[in-house]
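**Q** Attaching a predicted model along with its sequence, questions to come.
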Amino acid sequence: MKSALFAGCIVALAATATFAEITVTTATGAVTLAAPPQTVAAYDVAAIDTMTALDIAVTGAPATLYVSYLDSVAQDAAPVGTLFEPDYEKLAILAPDLIVVGSRSSELADPLSRVAPVIDMSIAGTGILDQTRARIAAFGTLFGKEDRATALAATLDQKLGDARAAVHGKGNALIVLTNGNKISAFGEGSRFGWLHTDLGLPMAAQGLAAETHGQAISFEFIEQTDPDWLIVIDRGAAIGQEGAAQATLDNPLVAKTRAAQSGQIVYLDAAPIYVAGGGAMSVMRTLDELTAAVGG
(Lines give C-alpha, C1' and ligand atoms only; values in the text may rest on other atoms or scores of the structure.)
Protein backbone atom coordinates (compact mmCIF):
# COMPACT_ATOMS: atom_id res chain seq x y z
CA MET A 1 0.00 0.00 0.00
CA LYS A 2 2.83 2.37 0.92
CA SER A 3 4.62 1.55 -2.33
CA ALA A 4 1.53 2.30 -4.35
CA LEU A 5 1.04 5.58 -2.49
CA PHE A 6 4.69 6.53 -3.04
CA ALA A 7 4.43 5.72 -6.75
CA GLY A 8 1.29 7.84 -6.98
CA CYS A 9 3.10 10.78 -5.39
CA ILE A 10 5.95 10.46 -7.89
CA VAL A 11 3.51 10.50 -10.79
CA ALA A 12 1.74 13.54 -9.35
CA LEU A 13 5.04 15.38 -8.87
CA ALA A 14 6.09 14.53 -12.43
CA ALA A 15 2.79 15.85 -13.78
CA THR A 16 3.20 19.04 -11.74
CA ALA A 17 6.72 19.53 -13.11
CA THR A 18 5.54 18.84 -16.65
CA PHE A 19 2.82 21.45 -16.47
CA ALA A 20 4.70 24.02 -14.37
CA GLU A 21 3.89 27.54 -15.48
CA ILE A 22 6.44 30.21 -16.19
CA THR A 23 6.14 33.95 -16.73
CA VAL A 24 8.15 35.75 -19.41
CA THR A 25 8.38 39.35 -20.54
CA THR A 26 7.00 40.10 -24.00
CA ALA A 27 6.38 43.24 -26.06
CA THR A 28 2.90 43.46 -24.55
CA GLY A 29 3.88 42.74 -20.96
CA ALA A 30 4.30 39.68 -18.77
CA VAL A 31 2.71 36.48 -20.09
CA THR A 32 2.36 33.19 -18.21
CA LEU A 33 2.73 29.99 -20.22
CA ALA A 34 3.23 26.28 -19.78
CA ALA A 35 6.93 25.80 -20.37
CA PRO A 36 8.75 24.68 -22.29
CA PRO A 37 6.54 24.47 -25.39
CA GLN A 38 7.29 21.45 -27.54
CA THR A 39 5.94 22.69 -30.89
CA VAL A 40 6.48 26.34 -31.87
CA ALA A 41 5.28 28.27 -34.91
CA ALA A 42 6.82 31.70 -35.48
CA TYR A 43 5.87 34.59 -37.75
CA ASP A 44 8.76 36.91 -36.90
CA VAL A 45 12.25 36.64 -38.41
CA ALA A 46 13.97 38.41 -35.49
CA ALA A 47 12.39 35.94 -33.06
CA ILE A 48 13.36 32.98 -35.26
CA ASP A 49 16.89 34.43 -35.43
CA THR A 50 17.20 34.61 -31.65
CA MET A 51 15.59 31.22 -31.03
CA THR A 52 17.96 29.64 -33.55
CA ALA A 53 20.93 31.27 -31.81
CA LEU A 54 19.68 29.65 -28.59
CA ASP A 55 19.35 26.24 -30.28
CA ILE A 56 15.55 26.29 -29.95
CA ALA A 57 13.79 24.35 -32.70
CA VAL A 58 11.21 26.28 -34.71
CA THR A 59 8.64 23.74 -35.87
CA GLY A 60 6.56 25.99 -38.13
CA ALA A 61 7.71 29.09 -40.01
CA PRO A 62 7.07 31.14 -43.16
CA ALA A 63 8.48 29.45 -46.25
CA THR A 64 10.67 32.51 -46.98
CA LEU A 65 12.78 34.10 -44.24
CA TYR A 66 15.01 36.21 -46.54
CA VAL A 67 18.20 35.93 -44.44
CA SER A 68 20.59 33.28 -45.77
CA TYR A 69 21.81 32.11 -42.37
CA LEU A 70 18.24 30.95 -41.59
CA ASP A 71 17.83 28.95 -44.81
CA SER A 72 18.14 25.65 -42.95
CA VAL A 73 15.41 26.71 -40.52
CA ALA A 74 13.03 27.52 -43.38
CA GLN A 75 13.84 24.17 -45.01
CA ASP A 76 13.36 22.10 -41.85
CA ALA A 77 10.27 23.84 -40.45
CA ALA A 78 6.76 23.14 -41.68
CA PRO A 79 5.57 26.02 -43.92
CA VAL A 80 2.67 27.84 -42.23
CA GLY A 81 2.08 30.80 -44.55
CA THR A 82 3.99 34.05 -44.92
CA LEU A 83 5.12 36.74 -42.51
CA PHE A 84 1.87 38.58 -43.19
CA GLU A 85 -0.62 35.82 -44.03
CA PRO A 86 -0.79 32.65 -41.94
CA ASP A 87 -2.00 29.45 -43.55
CA TYR A 88 -4.54 28.49 -40.90
CA GLU A 89 -5.14 25.04 -42.37
CA LYS A 90 -1.46 24.11 -42.19
CA LEU A 91 -1.20 25.72 -38.77
CA ALA A 92 -4.10 23.63 -37.49
CA ILE A 93 -2.41 20.48 -38.79
CA LEU A 94 0.82 21.44 -37.03
CA ALA A 95 -1.12 22.07 -33.77
CA PRO A 96 1.61 24.16 -32.10
CA ASP A 97 1.83 24.66 -28.35
CA LEU A 98 2.94 28.26 -28.92
CA ILE A 99 2.82 30.86 -31.69
CA VAL A 100 5.29 33.75 -31.78
CA VAL A 101 4.47 36.98 -33.59
CA GLY A 102 6.54 40.15 -34.00
CA SER A 103 6.78 43.54 -35.63
CA ARG A 104 5.33 42.57 -39.02
CA SER A 105 2.78 40.12 -37.64
CA SER A 106 1.68 41.59 -34.30
CA GLU A 107 -1.77 42.43 -35.68
CA LEU A 108 -2.32 38.69 -36.22
CA ALA A 109 -2.08 37.91 -32.50
CA ASP A 110 -5.84 37.82 -31.87
CA PRO A 111 -6.86 35.51 -34.74
CA LEU A 112 -3.83 33.27 -34.14
CA SER A 113 -4.73 32.96 -30.44
CA ARG A 114 -7.72 30.83 -31.52
CA VAL A 115 -5.20 28.20 -32.64
CA ALA A 116 -2.71 28.30 -29.75
CA PRO A 117 -1.29 30.65 -27.08
CA VAL A 118 0.47 33.63 -28.71
CA ILE A 119 3.30 35.84 -27.52
CA ASP A 120 4.28 39.11 -29.20
CA MET A 121 8.06 39.48 -29.31
CA SER A 122 8.15 42.64 -31.44
CA ILE A 123 11.27 44.80 -31.31
CA ALA A 124 10.62 48.40 -32.26
CA GLY A 125 11.07 52.04 -31.25
CA THR A 126 13.90 53.10 -28.97
CA GLY A 127 16.13 50.86 -26.88
CA ILE A 128 16.45 48.25 -29.62
CA LEU A 129 19.41 46.44 -28.07
CA ASP A 130 17.77 46.45 -24.63
CA GLN A 131 14.80 44.73 -26.28
CA THR A 132 17.15 42.27 -27.98
CA ARG A 133 18.65 41.35 -24.62
CA ALA A 134 15.17 41.03 -23.11
CA ARG A 135 14.08 38.64 -25.87
CA ILE A 136 17.22 36.55 -25.42
CA ALA A 137 16.50 36.26 -21.70
CA ALA A 138 12.79 35.52 -22.22
CA PHE A 139 13.35 32.76 -24.76
CA GLY A 140 16.12 31.33 -22.60
CA THR A 141 13.80 31.17 -19.60
CA LEU A 142 10.83 29.81 -21.54
CA PHE A 143 12.79 26.99 -23.17
CA GLY A 144 15.18 26.15 -20.34
CA LYS A 145 18.18 27.66 -22.15
CA GLU A 146 19.22 30.11 -19.45
CA ASP A 147 22.95 29.31 -19.60
CA ARG A 148 23.02 29.60 -23.37
CA ALA A 149 21.09 32.89 -23.17
CA THR A 150 23.61 34.31 -20.69
CA ALA A 151 26.50 33.35 -22.98
CA LEU A 152 24.75 34.77 -26.06
CA ALA A 153 24.07 38.10 -24.33
CA ALA A 154 27.72 38.26 -23.24
CA THR A 155 28.89 37.69 -26.82
CA LEU A 156 26.57 40.41 -28.07
CA ASP A 157 27.94 42.85 -25.49
CA GLN A 158 31.51 41.97 -26.44
CA LYS A 159 30.81 42.69 -30.10
CA LEU A 160 29.07 45.92 -29.14
CA GLY A 161 32.17 46.97 -27.22
CA ASP A 162 34.36 46.16 -30.22
CA ALA A 163 32.14 48.24 -32.52
CA ARG A 164 32.10 51.18 -30.11
CA ALA A 165 35.87 51.16 -30.01
CA ALA A 166 36.06 50.91 -33.81
CA VAL A 167 33.84 53.94 -34.49
CA HIS A 168 35.19 56.12 -31.70
CA GLY A 169 36.76 59.28 -33.08
CA LYS A 170 36.13 58.28 -36.69
CA GLY A 171 33.64 61.05 -37.46
CA ASN A 172 29.90 61.23 -37.98
CA ALA A 173 27.57 59.15 -40.12
CA LEU A 174 24.37 59.34 -42.10
CA ILE A 175 22.30 56.14 -42.25
CA VAL A 176 20.21 55.80 -45.40
CA LEU A 177 17.84 53.24 -46.86
CA THR A 178 17.53 52.97 -50.62
CA ASN A 179 14.35 51.64 -52.21
CA GLY A 180 14.90 51.69 -55.94
CA ASN A 181 15.68 55.33 -56.72
CA LYS A 182 14.14 56.58 -53.46
CA ILE A 183 16.26 57.41 -50.42
CA SER A 184 15.31 57.88 -46.78
CA ALA A 185 17.44 58.76 -43.76
CA PHE A 186 17.31 57.39 -40.22
CA GLY A 187 18.42 59.05 -37.00
CA GLU A 188 18.01 58.50 -33.25
CA GLY A 189 14.72 56.91 -32.26
CA SER A 190 14.32 55.17 -35.62
CA ARG A 191 14.55 51.45 -36.39
CA PHE A 192 18.26 51.86 -37.22
CA GLY A 193 18.92 54.58 -34.64
CA TRP A 194 20.67 52.14 -32.32
CA LEU A 195 23.70 52.39 -34.61
CA HIS A 196 24.02 55.96 -33.30
CA THR A 197 22.85 55.64 -29.70
CA ASP A 198 24.39 52.29 -28.74
CA LEU A 199 27.64 52.70 -30.67
CA GLY A 200 28.21 56.36 -29.81
CA LEU A 201 28.36 57.13 -33.54
CA PRO A 202 27.59 60.85 -34.01
CA MET A 203 24.75 61.78 -36.37
CA ALA A 204 25.71 63.83 -39.40
CA ALA A 205 22.15 65.21 -39.66
CA GLN A 206 20.19 66.38 -36.64
CA GLY A 207 16.43 66.41 -36.22
CA LEU A 208 15.55 63.55 -38.55
CA ALA A 209 11.97 62.34 -38.12
CA ALA A 210 11.79 58.96 -36.41
CA GLU A 211 9.44 57.47 -38.99
CA THR A 212 9.13 53.72 -39.57
CA HIS A 213 10.27 54.10 -43.16
CA GLY A 214 12.65 56.96 -42.45
CA GLN A 215 12.60 60.57 -43.59
CA ALA A 216 12.56 60.97 -47.37
CA ILE A 217 15.65 62.85 -48.53
CA SER A 218 17.27 63.98 -51.77
CA PHE A 219 20.77 63.86 -53.19
CA GLU A 220 21.03 67.54 -52.29
CA PHE A 221 20.35 66.64 -48.66
CA ILE A 222 23.22 64.14 -48.68
CA GLU A 223 25.54 66.72 -50.25
CA GLN A 224 24.58 69.41 -47.74
CA THR A 225 24.87 67.01 -44.80
CA ASP A 226 28.32 65.95 -46.06
CA PRO A 227 28.78 62.98 -43.72
CA ASP A 228 32.12 61.42 -42.87
CA TRP A 229 30.50 58.01 -43.29
CA LEU A 230 27.49 57.01 -45.36
CA ILE A 231 25.94 53.77 -44.07
CA VAL A 232 23.63 52.23 -46.66
CA ILE A 233 20.87 49.62 -46.40
CA ASP A 234 19.38 48.39 -49.68
CA ARG A 235 15.72 47.42 -49.20
CA GLY A 236 15.53 45.68 -52.57
CA ALA A 237 18.46 43.43 -51.74
CA ALA A 238 16.99 42.79 -48.28
CA ILE A 239 13.77 41.30 -49.63
CA GLY A 240 15.35 39.20 -52.34
CA GLN A 241 15.05 41.61 -55.24
CA GLU A 242 17.88 42.96 -57.34
CA GLY A 243 19.86 45.45 -55.30
CA ALA A 244 20.27 48.93 -56.72
CA ALA A 245 21.82 50.96 -53.92
CA GLN A 246 25.20 51.49 -55.58
CA ALA A 247 23.59 52.57 -58.84
CA THR A 248 21.21 54.90 -56.98
CA LEU A 249 24.03 56.57 -55.07
CA ASP A 250 26.28 56.85 -58.12
CA ASN A 251 25.45 60.52 -58.27
CA PRO A 252 27.60 63.67 -58.71
CA LEU A 253 26.18 65.24 -55.54
CA VAL A 254 26.92 62.17 -53.43
CA ALA A 255 30.38 62.01 -54.99
CA LYS A 256 31.19 65.43 -53.49
CA THR A 257 30.77 64.24 -49.91
CA ARG A 258 33.62 63.43 -47.56
CA ALA A 259 32.26 59.88 -47.29
CA ALA A 260 32.52 59.26 -51.03
CA GLN A 261 35.86 60.97 -51.47
CA SER A 262 37.36 59.05 -48.55
CA GLY A 263 35.95 55.70 -49.65
CA GLN A 264 33.74 55.63 -46.57
CA ILE A 265 30.42 54.47 -47.98
CA VAL A 266 29.46 51.24 -46.20
CA TYR A 267 26.91 48.95 -47.85
CA LEU A 268 25.59 46.75 -45.06
CA ASP A 269 24.30 43.25 -45.61
CA ALA A 270 20.72 44.47 -45.81
CA ALA A 271 18.57 41.42 -45.00
CA PRO A 272 19.77 40.91 -41.40
CA ILE A 273 19.27 44.50 -40.26
CA TYR A 274 16.15 45.18 -42.34
CA VAL A 275 14.22 41.90 -42.12
CA ALA A 276 15.62 40.36 -38.91
CA GLY A 277 16.42 43.62 -37.11
CA GLY A 278 16.78 43.07 -33.36
CA GLY A 279 17.48 39.36 -33.68
CA ALA A 280 20.57 38.31 -31.77
CA MET A 281 22.50 37.04 -34.79
CA SER A 282 21.33 39.95 -36.92
CA VAL A 283 22.66 42.50 -34.44
CA MET A 284 25.99 40.72 -34.06
CA ARG A 285 26.49 40.42 -37.81
CA THR A 286 25.85 44.14 -38.27
CA LEU A 287 28.23 44.99 -35.44
CA ASP A 288 30.92 42.81 -37.02
CA GLU A 289 30.40 44.56 -40.38
CA LEU A 290 30.78 48.01 -38.88
CA THR A 291 33.77 47.00 -36.78
CA ALA A 292 35.52 45.75 -39.91
CA ALA A 293 34.46 48.64 -42.18
CA VAL A 294 34.98 51.60 -39.86
CA GLY A 295 37.67 50.15 -37.61
CA GLY A 296 39.65 48.85 -40.57
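**A** Happy to help now that I have it.
**Q** Please make it C-alpha for all contacts and neighbour counts, starting now.
**A** OK.
**Q** Which residue ranges of the stretch 101-250 of the chain form helices?
**A** In the stretch 101-250 of the chain, the helices defined using DSSP state H, counting those that start in this stretch lie at 109-112, 128-142, 146-167, 194-197, 219-225, 235-238, 245-248.
**Q** Reformat those helices as JSON lines; add distance to Thr59, mean pLDDT and mean neighbour count.
**A** Listed next are the helices of the stretch 101-250 of the chain as JSON lines, based on distance: least, C-alpha to C-alpha, whole Å; pLDDT from 0 to 100; neighbours: other C-alpha atoms under 10 Å:
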{"stretch": "helix 109-112", "distance to Thr59": "16", "mean pLDDT": "96", "mean neighbour count": "15"}
{"stretch": "helix 128-142", "distance to Thr59": "15", "mean pLDDT": "97", "mean neighbour count": "22"}
{"stretch": "helix 146-167", "distance to Thr59": "20", "mean pLDDT": "98", "mean neighbour count": "18"}
{"stretch": "helix 194-197", "distance to Thr59": "31", "mean pLDDT": "96", "mean neighbour count": "22"}
{"stretch": "helix 219-225", "distance to Thr59": "45", "mean pLDDT": "98", "mean neighbour count": "16"}
{"stretch": "helix 235-238", "distance to Thr59": "24", "mean pLDDT": "96", "mean neighbour count": "20"}
{"stretch": "helix 245-248", "distance to Thr59": "35", "mean pLDDT": "96", "mean neighbour count": "16"}
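**Q** Between the ones you listed, which one is closest to Ala46.
**A** Closest to Ala46 of the helices of the stretch 101-250 of the chain is helix 128-142 (C-alpha to C-alpha; 9.0 Å).
**Q** just the angle between the closest one and helix 146-167, please?
**A** Angle, helix 128-142 to helix 146-167, by axes from the mean of the first three to the mean of the last three C-alpha atoms, to 10 degrees: 160 degrees.
**Q** and helix 128-142, what does it pack onto?
**A** strand 21-26, helix 45-53, helix 146-167 (3 or more C-alpha pairs under 8 Å, 6 or more residues apart in numbering; DSSP states H and E).
**Q** If we use 6 Å, what do you get?
**A** Judged by 3 or more C-alpha pairs under 6 Å, 6 or more residues apart in numbering; DSSP states H and E, the packing partners of helix 128-142 are helix 146-167.
**Q** what number of residues lie near Glu239?
**A** I think there's a mix-up here, since residue 239 is Ile and not Glu. If you count neighbours by other C-alpha atoms under 10 Å, Ile239 ends up with 17.
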